[in-house]
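Undergrad: What follows is a predicted protein model with its sequence.
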Amino acid sequence: GGEVMVVSLGCEKLQPERLLPPGSFPLVDERNVADVGDSAEAKLDVVCLQDDAHVGFMSMVESILRQAEEHLERLNARRRETVPASELVVGVQCGGSDAFSGVTANPAVGYCTDLLVRAGATVMFSEVTEVRDGIDQLTARATTPEVAEAMIREMAWYDAYLDKGRVDRSANTTPGNKKGGLSNIVEKAMGSIVKSGSSPISGVISPGEKLRQKGLIYAATPASDFICGTLQLAAGMNLHVFTTGRGTPYGLAEVPVIKVATRADLARRWHDLMDINAGTIATGEKTIADVGWEMFQLMLEVASGRKKTWAEQWKLHNALVLFNPAPVT
């Protein structure tokens, strides 16, 4: 919400001024807005633990709480405003996939993706190793040759990254995936890609980049649930959709996560963790379109604050995990 506070030890390599230099993040001092016009650049709020003013551990804690209180008061004064569905920035991801992922949940997500793009919203799909073996399907949907080239460039970078680490991308198909009926990474890729629906792919962003356009975007991230979610957050996501066939308590503290079960049995057993049962497609109770519309309506309800996801209800969330392949000195 533009309210940023940094807790710094004081002697780290990445000093707060380097982390957030002036102009890098839109910090607005709302106390001075009325005096100077529409906006006023705020000074970065830093609590430095090594400051001489801190005497004892509790003085550090009290300083953090005192500064946080100022930010929270301003945030608590905010009220919801009505905005169109085009303001949604949705990240889609799958984890703990099974043989039904590409048959039920992911096609329903793909249908919903098309609805969102038609409404003017932004949807990111990711997971390099889980689309790599179907890249020709994606480049054929690129809006421009430049977008297609960018996708190929991201695949090549990741191929080189894995090669340097002497890792075979086929290792992506986990024991859980195989137990659920997925035989190899190519089969998994076909199921993963269908989450992107059928809309033209209008842009590509690299890990750590911020979204600058709407539509269907390929955000190049590792397939790891935690890293993918973190990088989609960094790009500007405000709602997350996560499909699973094996089950996972995955969640993010920063945005709501809508969990979609691929099978009715999983939805039954994990009734207070799964938000949508896409297994009804396999049983014939609903169509892919039915579940896609159900997902779309649930997104609007969750984004509007009228309904909580189960992950929000239980306050389940993973730690954020940055993708940093560089050597550490």
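TA: Thanks, I have the structure now.

Undergrad: what sits up against stretch 147-154?
TA: The contact list for stretch 147-154 (Cβ atoms under 8 Å, 6 or more residues apart in numbering) reads V128, I135, L138, T139, A142, I201, S202, G203, V204, S206, Y218, A220. (Each C-beta comes from the backbone N, C-alpha and C, glycine too.)

Undergrad: residue ranges with poor pLDDT in the stretch 1-150 of the chain?
TA: Applying pLDDT under 70 to the stretch 1-150 of the chain picks out residues 25-42.

Undergrad: how about the strands in it?
TA: Assigned by DSSP state E, counting those that start in this stretch, the stretch 1-150 of the chain shows strands spanning 5-8, 45-48, 89-94, 122-125.

Undergrad: now for the second one, which elements pack on it?
TA: Taking 3 or more Cβ pairs under 8 Å, 6 or more residues apart in numbering; DSSP states H and E as the contact definition, the neighbouring helices and strands of strand 45-48 are strand 5-8, helix 57-76.

Undergrad: Next: the last one.
TA: Using 3+ Cβ pairs under 8 Å, 6+ apart, the elements in contact with strand 122-125 are strand 89-94, helix 105-118, strand 215-219.

Undergrad: Convert the second one to CSV, retaining C-alpha atoms only.
TA: Taking Å, rounded to 0.1, in the frame of the first residue of the first chain, the C-alpha atoms of helix 105-118 are listed here in CSV:
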residue,chain,number,x,y,z
ALA,A,105,-8.6,-28.1,-12.8
ASN,A,106,-6.1,-26.7,-15.3
PRO,A,107,-8.5,-26.5,-18.3
ALA,A,108,-11.0,-24.8,-16.0
VAL,A,109,-8.3,-22.3,-15.0
GLY,A,110,-7.6,-21.8,-18.8
TYR,A,111,-11.3,-21.1,-19.4
CYS,A,112,-11.3,-18.6,-16.5
THR,A,113,-8.0,-17.0,-17.9
ASP,A,114,-9.8,-16.3,-21.2
LEU,A,115,-12.7,-14.7,-19.3
LEU,A,116,-10.3,-12.5,-17.3
VAL,A,117,-8.4,-11.4,-20.4
ARG,A,118,-11.7,-10.6,-22.2
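
Undergrad: quick check: angle from it to strand 215-219?
TA: 130 degrees (axes from the mean of the first three to the mean of the last three Cα atoms, to 10 degrees).

Undergrad: quick one, which of the helices and strands packed on strand 122-125 is packed in tightest?
TA: Most buried of those by mean neighbour count (mean count of other Cβ atoms under 10 Å) is strand 89-94; its value is a mean of 27.

Undergrad: so how far is that one off the chain centroid?
TA: Using Cα atoms, centre = their mean, to the nearest Å, the mean C-alpha position of strand 89-94 is found 6 Å from that of the whole chain.

Undergrad: Provide the angle between the direction of that strand and the direction of strand 215-219.
TA: 50 degrees.

Undergrad: Remind me what whatever helix or strand S202 lives in packs against, helices and strands.
TA: Secondary structure from DSSP states H and E places S202 in strand 201-205. Packed against strand 201-205 by the contact rule (3+ Cβ pairs under 8 Å, 6+ apart) you find helix 145-164, strand 215-219.

Undergrad: Now tabulate the helices and strands packed on strand 122-125 in a markdown table and tack on distance to L65.
TA: A markdown table is the format used below for the helices and strands packed on strand 122-125 (distance: least, Cβ to Cβ, whole Å):
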| stretch | distance to L65 |
| --- | --- |
| strand 89-94 | 32 |
| helix 105-118 | 40 |
| strand 215-219 | 36 |
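
Undergrad: about what we covered before: now flag whichever of the contacts of stretch 147-154 is closest to K43.
TA: Distance ranking of these against K43, using Cβ to Cβ, places S206 first at 31.1 Å.

Undergrad: Now stretch 115-132: buried residues?
TA: Residues 115-117, 121-132 are the ones in stretch 115-132 that count as buried (16 or more other Cβ atoms under 10 Å).

Undergrad: how long is it end to end?
TA: Here the two ends of stretch 115-132 are set 25 Å apart, with distance taken as Cα to Cα, to the nearest Å.

Undergrad: before we move on, the earlier item: got the contacts of stretch 147-154 as a markdown table, with distance to V186 columns?
TA: Compiled in a markdown table, those are given as follows (distance: Cβ to Cβ, whole Å):
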| residue | distance to V186 |
| --- | --- |
| V128 | 14 |
| I135 | 12 |
| L138 | 14 |
| T139 | 17 |
| A142 | 21 |
| I201 | 20 |
| S202 | 26 |
| G203 | 26 |
| V204 | 22 |
| S206 | 24 |
| Y218 | 19 |
| A220 | 19 |
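
Undergrad: Kindly provide the distance from the closest residue to A264 other than its chain neighbours to Y250.
TA: Once flanking residues are discounted, A264 sits nearest to G279: 3.3 Å by Cβ to Cβ, 6 or more residues apart in numbering. Remark: distance between G279 and Y250 (Cβ to Cβ, to the nearest Å) = 18 Å.

Undergrad: how far out from the middle of the chain is the strand holding S202?
TA: 16 Å.
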